[in-house]
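Enquirer: sequence isn't available, so here's the structure alone:
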């Protein structure tokens, strides 16, 4: 049970931390943007964890944990998280698949000022697999 839990916990969120930036950023900016994307993901996870801790507190001030202000309750917090997750899945469904062209071709990185292929860039053209 532990190995299945560990596999599926790392299969989804952690895989997208590395796969999505490698697919959406052009080659010239990939390493920098990959680091920024990973840092933003970690910061978002931290904000979500602490935000849920505060939001999940009971509405009644006498029933909250010591040191926390009243929140919206666990049920309402989970509803908010579910709505955010649904909104994110809808926004990802609008992502256009660009397998027919490489990112360098889409951004024109391999072309010179006249719109022709650069000789240096011609050897670095990526081919989708």
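Expert: The structure has been received and is ready for your questions. All figures in this text were calculated on a predicted structure; none of them were measured in a lab.
Enquirer: what is the top helix by length along the chain packed up against?
Expert: In terms of residue count, the longest helix belonging to the chain (DSSP state H) is helix 30-55. Applying 3 or more CB pairs under 8 Å, 6 or more residues apart in numbering; DSSP states H and E, we find helix 30-55 packed against helix 15-24, helix 74-93. Bear in mind the C-beta positions are built from the backbone N, C-alpha and C, glycine included.
Enquirer: ok, 7 Å please
Expert: Applying 3 or more CB pairs under 7 Å, 6 or more residues apart in numbering; DSSP states H and E, we find helix 30-55 packed against helix 15-24.
Enquirer: the helix it packs on vs helix 30-55, what angle?
Expert: 140 degrees (axes from the mean of the first three to the mean of the last three CA atoms, to 10 degrees).
Enquirer: list the buried residues in helix 15-24.
Expert: residue 21 (16 or more other CB atoms under 10 Å).
Enquirer: run the angle between that helix and helix 74-93 for me.
Expert: Using the same axes, to 10 degrees: helix 15-24 against helix 74-93 is 30 degrees.
Enquirer: hang on, the earlier thing: quick one: buried residues of the longest helix of the chain?
Expert: 34, 37, 41, 55.
Enquirer: any idea of the mean pLDDT for that helix?
Expert: For helix 30-55, mean pLDDT is 86.
Enquirer: in this protein, where is pLDDT below threshold?
Expert: 12-17, 95-104, 106-129 (pLDDT under 70).
Enquirer: switch the cut-off to 90
Expert: Filtered on pLDDT under 90, the chain yields the residue ranges 1-42, 44-45, 47-71, 73-74, 81, 84-85, 88-129.
Enquirer: okay if I get the buried residues of helix 30-55 as JSON lines plus distance to residue 76?
Expert: Below are those laid out as JSON lines (distance: CB to CB, whole Å):
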{"residue": "34", "distance to residue 76": "36"}
{"residue": "37", "distance to residue 76": "30"}
{"residue": "41", "distance to residue 76": "25"}
{"residue": "55", "distance to residue 76": "8"}
